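# Attaching a predicted model along with its sequence, questions to come.
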Amino acid sequence: MVILSTSPDLELNFQQVEEKWQKRWSESRIFEADPDESRPKFYVTVAYPYPNMPQHIGHARTYTLADVYARYKRMRGYNTLLPMAFHYTGTPILAQSKRIQSNDRELIEQFKSLGVSEDVIKTFDSPLNIARYFHNDLKLGMIEMGYSIDWRREFTTIDPAYSKFIEWQFYKLKSRGYITKGVHPIGWCPSCRNPVGQHDTKGDAEPEVGEFVAIKFFMDGSYLPAATLRPETIFGVTNIWVNPKSDYVEVEAGGERLILSKPAAKKFDEQSSGVKVIRELKGSTLVGKYAVNPLTGDRIPVLPADFVDPENATGVVMSVPAHAPYDLLAIMDLQNHPERLKEYGLDAGVVSSLKPIPVVRSPGLPDIPTVDLIQKLGVRDQLDPKAEEATKELYQREFHTGEMRAETGRYAGMPVSEAKEEIKNDLIRSSKAFKFYEIINGPIYCRCGAKVTVNLMSDQWFINYGDQNWKSLVKDHLNKMSILPEELREEFENVVDWLKEKACARRAGLGTPLPWDRDWIIESLSDSTIYMAFYTIAKTLNEARIDPSLLTPEAFDYIFLGLGDPSSLGVPRNLLEQMRREFLYFYPLDSRHSGRDLVPNHLTFFIFNHVAVFPQPLWPRQIVVNGSVLMEGKKMSKSLGNIIPLRRAIRMYGADTLRVSILSASELLQDADFSDSLARTTKVKLQEFYKFSLKYCDAPPLSGEGFDSLDKWLLSRVQRIIEQATSSMENLRVREAIHCSFFILQQDIMWYLRRKGSQANDEKTRSIVRYALENMIKLMAPFSPHICEELWERFGHKGFISVERWPDIQYSLIDERSELSEDLVKGVIGDTSEILKVTGISPSKIYYYTSPRWKWEVYLNLLGLLESGVDPKSLLREAMKNPAIRSKGGVAAKFISTISSSIVTMPKEQRKKILSTGILDESEILNKNLQFLSEYFKSQVEVLSGESPRYDPKGKAEQALPMRPAIYIEGS
RNA sequence: GCGGGGGUCGCCAAGUCAGGUCAAAGGCGCAAGGCUCAGGACCUUGUGGCGUAGGCCUUCGUGGGUUCAAAUCCCACCCCCCGCACCA
C-alpha cells in the first residue's frame, strides 16, 4: 500500500474507533438474537472461561475464531446467536484463595504481574471475590475485543437456576442408567484430609496414582505383602526382600496380620479400614525367616536388600532374579559380600542356592534375560542408577512380546500382558493379594507441606462413559457431525472408544451438589456438557426473574423435552412456552468451538451428554477445534513470564490488530506464533488499509458501461476473490481467507492502479477501486469489524457493516478474456525481465513477435484434446490425426513437442479459460500496452506479427508460442 | 505401550485431502540499490546451483514403488511433539 503523507483526519485512532463502535453495537442491540421463524438461525458457542486468571492472547484465539465465524454467518443472512457465560465450578479458585489467606508471595506476585492491584488481591481471600473479579475482567476483555455476544444470556455456573438445570441433567443421566457408583483411588493430603489436584501441590505437580499388587506371603502367623507391578512373575520368586535398616510394623486388618514398612502402614490405613498397629520391629529381625509363596507353596527365605525403599509401596518386595534386574543384583551383592550374611546369622548356602527361575519367554531374549542385560548395560550393583534403566527396558520387552512359560500351569502360553491381569485377578479373588495404590511420580507435597498419599474414595459417583450402547449412539452421531478440521475426526472416534467411568463428583469446590447425595459436588467437566441449551432459556430466566425454586425437573422436562403439562408447573405457562419455543428455535447447536486440549474430555463428553439427554434431532451439528498460541515461538507459561493479559495487549495494539494477527498467523490446528513484530506489522497494514481506503470514500459509485480491459480485469478479480474467501470461510480456513481478502486483493488493486498510469485518478478508475474496496471492507468485516464499520460509515453508508450482506459473486463481472490479457502482459514482463537479468543488457528496443494463427489453432486443438481426456502420452499422435495439423508436417510436430509439457501441466481452470476464450489477439493486446511496457523497461517497444515480421534479425519470431510471444532485445 | 499430530529451499511457515499453475506463497533474516547528515523506518530487486535469451540441473525426513507427471498417491523405515482422565 502507498503511504500517504500524514494528515490528522486520516490517522486511525484504534482505541477511539473501537470504543465508538462497541458503544453503537451495544446501543443498537444488533447482536441480540431472538427467535424469528422467517429467518434461518445459526447458533455458535465457545467453551466458557474459568475466571481465575486474566484472559490472555491464547484464550483470545478460540473466542475470536468463534466470533469471526458468527459474524460471517450473520452477514450470510443467518439469525446468529453467540452467547457467553462463566464457569465458576471447580477447585482451583478455592486453592488460590487459600494461598492468598496464607499470604503466598508467589501467587501474589503472579497476580501483580498480570496487572491485578494490591487492593484487589487482598479481597482474594474469598474464592467468590476471585471469580467475580476475573469474571468482570474477562467480560470487559471480550467486549473490548468486539465480540458479537448476546449478553442478555449471561450466567455463572453457580447461579441457582443453573444448579437446578444441572440437577435435572443428572437425574436424566441417572434415569438412563448412566450413573454408577464405586471405589476410586485419588491423590490425597493426609494433613488437610482432602483430595489434591495439580493446583493443590507444590510446583503444580499432578499426582499420578499407580496400582501395585500386594501379594501375601505367609510367615509365622502373619503375612508379608510384597508389592509388585508384575504379579505374573510370582512363579519365579526365589526369596523376599526387606530393608534391614528400616522400621516395620505388624498390623491387624480384616482379621489378618500383616507386616509392612512403617510408612506403608499409614498408607494402608488410608486405603483400608480398621488397621490396627500391633507392634513395631526392625527390618533386620525379619531377615533369615522363611515365607510361603501363596501360589506355588514354595518356602523361601527373607533376605536383606538396600534397594528396598520403605517409602515406596509396602516396603516388602518379592525377588524374581530371572526377570527383575534389581533382584539379581541384590543376590549377587550378597554372594559377593558373605560378611553381610554373617551379620544376620545367615548361612552362605542359603544365598548360593538361589537360582533364577524363568517364567517368561520372549523372542530374542535368553532364558534368564537379566544376566545378559546387566552385562550389556554394565550395571555395577543394586544401587547403580542403571538398574532402573535395565528394569524399564526388560519390562517393556516382556510385557509386549513375552509369553508365559510351560511351568506356569494354566497361564502357560498366555501373553504377558494378559497373564498379568489374569493372575492379578485370580490372586485378589482368592484373597492371596490386594491392590495397593501409590503415588508413582512422587514424592509430591501438598501446599500445606504434607506428603501426598493415595486415598480410596468409596462411594465415588461416576458417569459411565464406558457404556457400550451409549458409545455406539455417540459414534453413529459423530459420523454425521462436521468436525473441523477433519483430521481430528479419528481422534474423536478413538476417544469415544477409550472412555471409561468418569468420576463426576468430588468433596470440595464450587458447583452444584449431587441432588441425591448432597455431600458430593458435581465436578466441572461434568456440569459443562449441555449448557448450550441453557443459553436459549437464560434470557427469559434473567428477564422474567423466575424464582429458581420453581425450576423443577418437571419444568425442564417440559422446556427441553416437551413432556408434561405446562399449565401446572409453577412457572407461568406463557414463559414456559416461550422458553420451549426459543430452545427449539436455536437448537440444535450449529457449531461448538474450543481449543484442542478439550478434545479428549469436554468436547467428547459434550456429544455423549447431548446424545443421552436430548432427542436425536437436537444433537449438535459441528465441532471446531483450534490450536494454541505461542508467544515469540515459546509456549506461554507462568514460569517464562511471557503471558500478556489480553486487555493490556488490546491497549498496545488494538483489538482489530489482535484479531487479524492471531487468526492470520496459522491455520486452524497449528499453533499460532504471536509476537510483538507480528502485531506491529499487522497494525501498520491495517492503518494503511484504512488510510488508503479513505482516499476513495468520495469516489463515485460503480456505474454503467465503458470499462476497458483493465477495468474488467479488476472487476473480475474481485469476483474471484469473493469466491475464494467465501469457500475459505465456510471451512474456517481463516488464514487463507485473510490472505486473499486482504493481501491478494490489495496487490490486485495496486497493480491495477499502476497499470492505469496517468488514468489512475480518473473518476472511472476511482469508482472501480471504490467498488473493490467496498468489497474488501465487507470481506474483512468479520476479522477487523471496528475499522470496517468506520470505513463503511465514511463511505457514506447508513447501516452497520456487521449486518450488511456478505458479497455475492457477480458472475456477469467475471471476464476471462480480460484475465487472459493480463496474464499475457504479466507473462511478457516476466520473460523480458528474465532475459535482461541473464544477459545483463540494458535495452534500447524490445521486439515482441506474436504467434501466427496456425500455432493458436494447434494450441487450442491440443487443449481440447486434453480436455476431452486424451492421455498426455498419445497427445502428439492424436493431434496428428487432424488433417489440418498433419498437413503442416514437421513444423507442427516440432511445435507440439515444444509446448506439450507446458500444456499438459497447465492447471485445469486455465485450460478451460483459454479454450472458452479462443484465439487471443495478442498483437492488439500488446499494442494497447505499448506505453506501459515501454515505461516499465525504459526502452522502445515494438510488437510484430508472427506471421511475417518485417524485422527479425536473429530469427526469433519462430519461437513465438501462444500466450508467450517471442522476444528480441537490442541494447548494450 | 495405546492414540493423535508433525518432519518443506538459513529460520518460521503455506502447499499434501481433489498429482500437473511447484524451484515451491507469505513473513523473518541476509545482500544490493533507492531514500537519509547518519541510523531506524520505508520502497525496489535478489536470496538452491549453473547460465550473455525467457533455459537447464538438483531439492520437500530416508529408501523403494505407481504415473506421461509426485512435496502431493502406495509400501517400509527413521526422527520430533502432544494426550492417556477426575483436572480446568
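Sure thing, it's come through. Numbers count the residues shown, from 1 in each chain, chains lettered A, B, ... in the order given.

# Nearest spatial neighbour of residue A:920, chain-adjacent residues omitted?
In space, residue A:920 comes closest to residue A:820 once its chain neighbours are excluded; the distance is 5.9 Å by C-beta to C-beta, 6 or more residues apart in numbering. The way it works is simple: take the backbone N, C-alpha and C, and place the C-beta from them, glycine included.

# check which helix or strand covers the one you found.
helix A:816-839 (DSSP states H and E).

# Show me what that helix is packed up against.
Applying 3 or more C-beta pairs under 8 Å, 6 or more residues apart in numbering; DSSP states H and E, we find helix A:816-839 packed against helix A:709-730, strand A:843-849, helix A:908-917, helix A:922-928, helix A:930-937, strand A:966-971.

# Tell me the pLDDT of the residue nearest to residue A:920.
Note on residue A:820: pLDDT of 92.

# In this structure it contacts residue A:916, no?
No: using C-beta atoms under 8 Å, residue A:820 is not in contact with residue A:916; the gap is 10.0 Å.

# neighbour-wise, which of these two wins?
residue A:820 (20 against 9; other C-beta atoms under 10 Å).

# The more buried one: what's it in contact with?
Neighbouring residues of residue A:820 by C-beta atoms under 8 Å, 6 or more residues apart in numbering: A:913-914, A:917, A:920, A:963.

# chain center to stretch A:406-413, what's the gap?
47 Å (C-alpha atoms, centre = their mean, to the nearest Å).

# got JSON lines for the helices and strands packed on helix A:816-839, with mean pLDDT and distance to residue A:742 too?
Output for these, formatted as JSON lines (pLDDT from 0 to 100; distance: least, C-beta to C-beta, whole Å):
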{"stretch": "helix A:709-730", "mean pLDDT": "92", "distance to residue A:742": "9"}
{"stretch": "strand A:843-849", "mean pLDDT": "91", "distance to residue A:742": "35"}
{"stretch": "helix A:908-917", "mean pLDDT": "90", "distance to residue A:742": "23"}
{"stretch": "helix A:922-928", "mean pLDDT": "93", "distance to residue A:742": "30"}
{"stretch": "helix A:930-937", "mean pLDDT": "88", "distance to residue A:742": "26"}
{"stretch": "strand A:966-971", "mean pLDDT": "90", "distance to residue A:742": "35"}
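
# And the ones you listed: which comes nearest residue A:148?
helix A:709-730 (15.3 Å; C-beta to C-beta).

# Would you mind listing the buried residues in the next helix or strand after the closest one?
Following helix A:709-730 in sequence order, the next helix or strand is helix A:734-738 (DSSP H and E). Using 16 or more other C-beta atoms under 10 Å as the test for burial, helix A:734-738 gives A:734-738.

# cool, stretch A:816-827 as well?
Per 16+ other C-beta under 10 Å, stretch A:816-827 contains these buried residues: A:816-825.

# Report the two of those separated the most.
Longest span within the buried residues of stretch A:816-827, C-beta to C-beta: A:816 and A:825, 15.1 Å.

# Confirm residue A:437 sits in a helix?
No: judged by DSSP: H, G, I helix; E, B strand; the rest coil, residue A:437 forms no part of a helix; its state is strand.

# which residues touch the residue of the stretch 151-300 of chain A found nearest RNA strand B?
Here the residue of the stretch 151-300 of chain A nearest RNA strand B is residue A:197; by C-beta to the nearest atom of the strand that distance is 3.1 Å. With contact taken as C-beta under 8 Å, 6+ apart, residue A:197 is in contact with A:91-92, A:95, A:187, A:206.

# repeat for residue A:30
Counting by C-beta under 8 Å, 6+ apart, residue A:30 has contacts A:148, A:800, A:802-803.

# Return the residues of the stretch 251-400 of chain A in contact with RNA strand B.
Proximity of the stretch 251-400 of chain A to RNA strand B, by C-beta under 7 Å from any atom of the strand, involves residues A:396, A:400.

# Helices of the stretch 251-400 of chain A, start to end?
Counting by DSSP state H, counting those that start in this stretch, the stretch 251-400 of chain A has helices at residues A:262-271, A:325-336, A:338-343, A:348-352, A:369-377, A:386-401.

# Quick one: list the elements packing against the second one.
By that I understand helix A:325-336. Using 3+ C-beta pairs under 8 Å, 6+ apart, helix A:325-336 is in contact with strand A:239-242, strand A:299-304, strand A:316-319, helix A:338-343, helix A:348-352, helix A:369-377, helix A:386-401.

# Take these and lay them out in JSON lines including mean neighbour count and mean pLDDT.
Putting those into JSON lines (neighbours: other C-beta atoms under 10 Å; pLDDT from 0 to 100) gives the following:
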{"stretch": "strand A:239-242", "mean neighbour count": "26", "mean pLDDT": "92"}
{"stretch": "strand A:299-304", "mean neighbour count": "20", "mean pLDDT": "90"}
{"stretch": "strand A:316-319", "mean neighbour count": "27", "mean pLDDT": "92"}
{"stretch": "helix A:338-343", "mean neighbour count": "14", "mean pLDDT": "82"}
{"stretch": "helix A:348-352", "mean neighbour count": "14", "mean pLDDT": "81"}
{"stretch": "helix A:369-377", "mean neighbour count": "17", "mean pLDDT": "79"}
{"stretch": "helix A:386-401", "mean neighbour count": "17", "mean pLDDT": "77"}
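
# Of those, which is nearest residue A:281?
Using C-beta to C-beta, the nearest of the helices and strands packed on helix A:325-336 to residue A:281 is strand A:239-242, at 10.2 Å.

# Can you list the strands that the closest one pairs with?
strand A:299-304 (parallel), strand A:316-319 (antiparallel) (DSSP bridges).

# what bits of chain A have low per-residue confidence?
Within chain A, the ranges that satisfy pLDDT under 70 run A:1-11.

# what residue lies at the spatial centre of it?
Central residue of chain A (C-alpha atoms, centre = their mean): residue A:596, 2.0 Å from the mean position.

# Am I right that it is in contact with residue A:627?
Yes: in this structure, residue A:596 is within contact of residue A:627 by C-beta under 8 Å, at 6.0 Å.

# which residues do the two both contact?
Shared contacts of residue A:596 and residue A:627, counting by C-beta under 8 Å, 6+ apart, come down to residue A:669.

# The helix or strand residue A:502 falls within: partners in the sheet, and parallel or antiparallel?
Secondary structure from DSSP H and E places residue A:502 in strand A:501-503. Strand A:501-503 sits in its sheet next to strand A:453-464 (antiparallel), going by DSSP bridges.

# Pull out the buried positions in the partner strand.
Buried-residue list, strand A:453-464, by 16+ other C-beta under 10 Å: A:453-457, A:460-464.

# what do you get for stretch A:703-723?
A:707, A:709-723.

# And chain A, what are its domain boundaries?
Domain segmentation of chain A under automatic domain parsing yields A:1-19+A:676-814, A:31-175+A:486-631, A:209-439, A:828-971.

# Could you check how far residue A:802 is from RNA strand B?
To RNA strand B, residue A:802 is 27 Å away according to C-beta to the nearest atom of the strand, to the nearest Å.

# so who does residue A:522 touch?
Contacts of residue A:522 by C-beta under 8 Å, 6+ apart are A:89, A:166, A:170, A:504-505, A:511-514.

# Residue A:466: neighbour count?
15.

# picking up where we left off before, in space, what's closest to the residue nearest to the centre of chain A - neighbours in sequence excluded?
When the adjacent residues along the chain are set aside, residue A:596 lies closest to residue A:625, with 4.9 Å between them (C-beta to C-beta, 6+ apart).

# That neighbour should be in a helix, yeah?
No: the assignment for residue A:625 is strand, going by three-state DSSP, so no helix is present there.

# Please tell me how far the residue nearest to residue A:114 when sequence neighbours are not counted sits from RNA strand B.
Nearest residue to residue A:114 in three dimensions, chain neighbours excluded: residue A:54, at 5.0 Å (C-beta to C-beta, 6+ apart). Here residue A:54 is placed at a distance of 14 Å from RNA strand B (C-beta to the nearest atom of the strand).
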